[in-house]
Structures are given as C-alpha cells and as structure tokens.
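Asker: Mind looking at a prediction? Sequence and model below.
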Amino acid sequence: MKVLVPIKRVIDYNVKVRVKSDNSNVDLANVKMAINPFCEIAVEEAVRLKEAGVATEIVAVTIGDKSSQEQLRTALALGADRAIQIETDQQLDSLNVAKLLQKVVEEEAPQLVILGKQAIDSDNNQTGQMLAALTGMPQGTFASEVKVDGDKVNVTREIDGGLQTVALNLPAIVTTDLRLNEPRYASLPNIMKAKRKPLDVKSAADFGIDLSPRTNLLKVTPPAERQAGIVVESVDELVEKLKNEAKVIS
Amino acid sequence: MSILVFAEHDNQTLKAETLKTVAAAQAMGGDIHLLVAGSNCQGVAEEAAKVNGVAKVLVADNAAYEHQLAENVSLLVTELAADYDHIVATALTTGKNFMPRVAALLDVTQISDIIAVESADTFVRPIYAGNAIATVQSLDSKKVITVRATGFDAVATDGNAEIVALDKATDAGTSSHVSDELTVSERPDLGAASVVISGGRGMQNGDNFKLLEGIADKLGAAIGASRAAVDAGFVPNDMQVGQTGKIVAPDLYIAVGISGAIQHLAGMKDSKVIVAINKDPEAPIFQVADYGLVADLFETLPELEGKL
C-alpha cells in the first residue's frame, strides 16, 4: 500500500528563538532549519512499514518555498521513495495546508497518511485532523503504536490518562507522538542516493484553492520573564520557606 | 452572540478544566451553552448544570459518543455549530483530537491553545514552545477555539442551568474503540493537582521514582516527569510535563533532577511556586525557581520526606 507523509520545515529544535524587536514575528534570519521532529517520526514509521512489507511506496510532500526541498531530501534519505514540493512563499494557515494536502490525497490515493501531531513552530496540532475531516477519513492522533491489519489499522494513542487503542477503516490518517519510534540517522550512501530520487515541484496557485489568510498575526512578544528566586542551603530551610514564606504547604 | 463549550469528561465526572474553559468563554462574551456528549453521562450533565455562567446544558447521550471518537463527536458539534458564533473546547486529549475536524468541516481555521482572550475575535497563544507569545485575530465568521486551561481561573459551581436532551446519534462508522489502558493511580490528576513533583533524567532510572512517592503522598501531589525521563524509558508518557506533554500550573511545583530544558519550562513555568532540586548549580531550572536547593537528590529526597 502507498503511504503519504506530509512534512514541515521548521526551526531546528535546538535553536533558541528570538522575537524581532518590532514584535512582528520571531526572527528566522540565518537560523538553522530542520525537518519538524514529529514529521521525522512520521517518515520513520512509514519506512518501518515498508521494511515490514506492509507499505510498498512512500511519498513525502511539503508545502513551502524552494528551501523546503532540503527537508524533502532528508525524508528521501531516510527512505521515502519520491517527493512532492508544493511551492508557495506564503505562510499558510493550517486549514489551507489541509486543503492542499486534500488535493494530493485525491491524486495519490494513499491508504495511509502519517503526519506529525504538531509542528514545533506554530504548535497548532490541527493539520492532520483537518485533513482527516476534509477527506472523510478516520484518524488516530498522538500515536504510540500503529498496526495495519487487513483493511483496518489499529492505532494506540497517547491520551491524558494513559493509552487508548482505536480501529480505523483504511484509508486513514495517523499523527505521531514522541514514543512511536526513534528515527534513524540517514547514512551517507542514502543521502547520496536521495539526490537522485524524484522530486516533483508543483505551484500552490495551480491547485485552484482560495488560500487567503484566515488569521491575522497582530503581534509576537517574548514571554513574561520569571524572576529567579533564592538558593536555600538545606532541606530544613526549604521546608521552612515553603511553610512560612510561600505558604504552599502546612 | 452565543458560545458552545464542549464539556470534557469521562462519562462519570466533569473534568475540572472545563470550569476554566467556561471562564475563557465568558471573556469572549455571549450566552454559554455547555455540551455533554457521552454515553450514560447523566451524572456529568447534572454537574455541568451547576457550572456558573452556563445558560443551558445540552446532553447528547448515545452509544456513538461513549468513547468520544473524533469522527462521531465532530459530526455532532458541526451540526450544532449553526447556532453559535464560537465553538470552544479545552485543549485536552478529547478537544485536541476532534476540534480541528469541526473547524475543517465548518471551513474555518482553529485558534489552538489560547491563554488569554483580548476580544471576541482576538486571542493570545504561545508559539515556539512558549518562547514567543502570539496575539492572533481570527478572520473567520465562526471561531473554533481550544483553551489552555491553566491560563484561566475556574468559575464557581453554584449555578442551576436548564438541561436539554438532544436526540442525536451521529456515527461516522469509520472507526471503533478497541481498548483503554489507563494508569490507575490514587493520586490526583496532573492537570488538576495543586502540588506536582516531577523527576528528570537525574532520577537515573524508573525505580528511583519511588523516592518521589512518599513526598507526593504527604503533599497530596501528582507525580510528573520531564521529557528526558520519558525518552529514557524511566516512566510512561502520560506523566510527561512540557510542551509535548501536559501543561500544568499548580500552586507548588517541585522539579527534581530536571535541568530545565525550554521544552520542560513551557509546561510548568506558570506554576505559582517552583522548587528546584538539582546538584548542578548551573542548571537552567534555577533561573525560574523560587527556591533552589543545590544538592544530591538521593540524599535530599529521603530527608525532605522525613521533614514534611
């Protein structure tokens, strides 16, 4: 079966972000970019399904400017078979991203779409669910285990109180949580091979979707700084402070 | 203006976070209706009727909603949405799961995880793991919003709203519930506890988390963990506090053997009082702690337990 893996180019998770002095957004100039960590887990899961003989083809897709091809090459080096870049310079709202992906799903007809549960830049946690709604597919969000069984997929989900397993009719959407797998490192030969794998570029404008913004970003500010407190010398002093100064224990 | 708030519950009790989400809805302004979708959830409906500021409780009691599968609940909420300007849910497992489906079905985008309400269409939300705070205006006609409960103070529960039963059974028929594997604990929920004690990589292994238990018992605390401790396999992910785990804001947060990665701070820095116990005096956690103790946790924890 075919697996589609939408991915996103984001700031590297090790980089400390800074807000621009005019409070218009965060400053991404000359900042190291990478594949969103949850998307990397999604690619890895697809590759494991292929290694297990369940998946036959893995298509990675991203929406962004030309630089996002770097992340598609990363996905190809990790084991995706081909890639699609939907080119746009616009910062798209999740709904518009989901609408573009819906078109890709219609064209590619994958049995499984695996996405990261959220991108670490906008922290929205919604694109996978939106794509599921638009395509009428069932969803297994925040997955910690994915088992394909005939025309169904069983997804174990991380929920507030523990784990929940749901059975979904295929085709279905899965979004990844942290513990689903530990992504591999791309080997040098695979990085070289990835350069020759097919990468199609399509223009977002050609999809015939109204991509006008749904939100207006009014300002971005740094978070309120928390003042550092005091260092206590002993457990006795700590207990005393918590009782009499902070009054949070009795 | 009217607002539909989705009640988060487990068919037995209303989650305390819903009271905070109702507070967020009040700040948006308008009549508030609380939707209880579940199966055999009359008890929850009665609790919901007591929530202050709620004009009406809508109850969809049907087997299709027993496990609150996103496919089924999103169809119900989308159907009801015609009568409302705002559709609001708590950013907990259920809300995070189905709400974006509702947004897409209504052809609007969702404003996720808001921590403040500026006006009926403008909201404040953390981005980049809380390293930046964005003020966002929704341009859509209907607003679909999830609320980070720690950003709001709970409303009281001495109200008396009308309960209206809905005759709905939207079953998409594409998914089914197989099983739940819930952590059984005598301790309070991480999200609702007034005291939380969390362990990090410094705990060294899962067994050592027992050292936190005695203290948690004495303080009535919930036990959490950093992502590093979860990644290292010490404890399950449902204990994770941080950007990718649970967001907590208790009266007292005790971080033990946690260095204080941005990822973790994003999940706990709104706590009223923060205590850090770490043997590394340079650990970033001390920069946000009200009380820091530079010490070996294996000596400190037993002593602390004895002195509480």
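Answerer: Thanks, I have it.
Asker: in chain A, which residue is closest to the centre?
Answerer: Residue closest to the mean C-alpha point of chain A, counted by Cα atoms, centre = their mean, is A:Gly116 at 3.1 Å.
Asker: so which helix or strand takes in the nearest residue to that residue once chain neighbours are set aside?
Answerer: Excluding the flanking residues, the one nearest A:Gly116 by Cβ to Cβ, 6 or more residues apart in numbering or on different chains is A:Phe38, at 2.7 Å. (Glycine included, C-beta is placed from N, CA and C.) A:Phe38 is located in helix A:37-51, with elements delineated by DSSP states H and E.
Asker: same check, this time on A:Glu225
Answerer: Secondary structure (DSSP H and E) places A:Glu225 outside all helices and strands.
Asker: thinking in terms of the whole chain, how far from its middle is whichever strand in chain A runs longest?
Answerer: Criterion DSSP state E: the longest strand present in chain A is strand A:139-149. Mean-position distance between strand A:139-149 and its chain equals 15 Å (Cα atoms, centre = their mean, to the nearest Å).
Asker: show me the contacts for A:Ile58.
Answerer: A:2-3, A:5, A:43, A:46-47, A:50, A:79-81 (Cβ atoms under 8 Å, 6 or more residues apart in numbering or on different chains).
Asker: ok, it to A:Val10 distance?
Answerer: Distance of A:Ile58 to A:Val10, computed by Cβ to Cβ, to the nearest Å: 21 Å.
Asker: do B:Met239 as well
Answerer: 26 Å.
Asker: What is the burial count for the residue nearest to A:Gln126 when sequence neighbours are not counted?
Answerer: Closest residue in space to A:Gln126, ignoring its immediate chain neighbours: B:Pro100 at 3.5 Å, by Cβ to Cβ, 6+ apart. Counted by other Cβ atoms under 10 Å in any protein chain shown, the residues lying close to B:Pro100 total 32.
Asker: Next: A:Glu107.
Answerer: Quick note: A:Glu107 (other Cβ under 10 Å) scores 11 neighbours.
Asker: And A:Glu245, by the same measure?
Answerer: A:Glu245, neighbours per other Cβ under 10 Å, totals 12.
Asker: got the CA coordinates for the stretch of helix or strand B:Leu76 belongs to in CSV?
Answerer: For B:Leu76, the element it lies in under DSSP H and E is helix B:70-80. C-alpha atoms of helix B:70-80 as CSV (Å, rounded to 0.1, in the frame of the first residue of the first chain):
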residue,chain,number,x,y,z
ALA,B,70,-13.3,12.2,17.0
GLU,B,71,-15.2,11.1,13.8
ASN,B,72,-18.5,10.9,15.6
VAL,B,73,-18.2,13.8,18.0
SER,B,74,-17.0,16.2,15.3
LEU,B,75,-20.2,15.5,13.2
LEU,B,76,-22.4,16.3,16.3
VAL,B,77,-20.6,19.5,17.1
THR,B,78,-20.5,20.6,13.5
GLU,B,79,-24.3,20.1,13.3
LEU,B,80,-24.9,22.1,16.4
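Asker: neighbouring strands for the helix or strand that it is followed by, and are they parallel or not?
Answerer: Going down the chain from helix B:70-80, the next helix or strand is strand B:86-90, by DSSP H and E. Sheet pairing of strand B:86-90 (DSSP bridges) gives strand B:2-6 (parallel), strand B:143-147 (parallel).
Asker: Redo these as CSV? Include mean pLDDT, distance to B:Arg201 and mean neighbour count.
Answerer: Formatted as CSV, those follow (pLDDT from 0 to 100; distance: least, Cβ to Cβ, whole Å; neighbours: other Cβ atoms under 10 Å in any protein chain shown):
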stretch, mean pLDDT, distance to B:Arg201, mean neighbour count
strand B:2-6, 97, 37, 23
strand B:143-147, 98, 31, 27
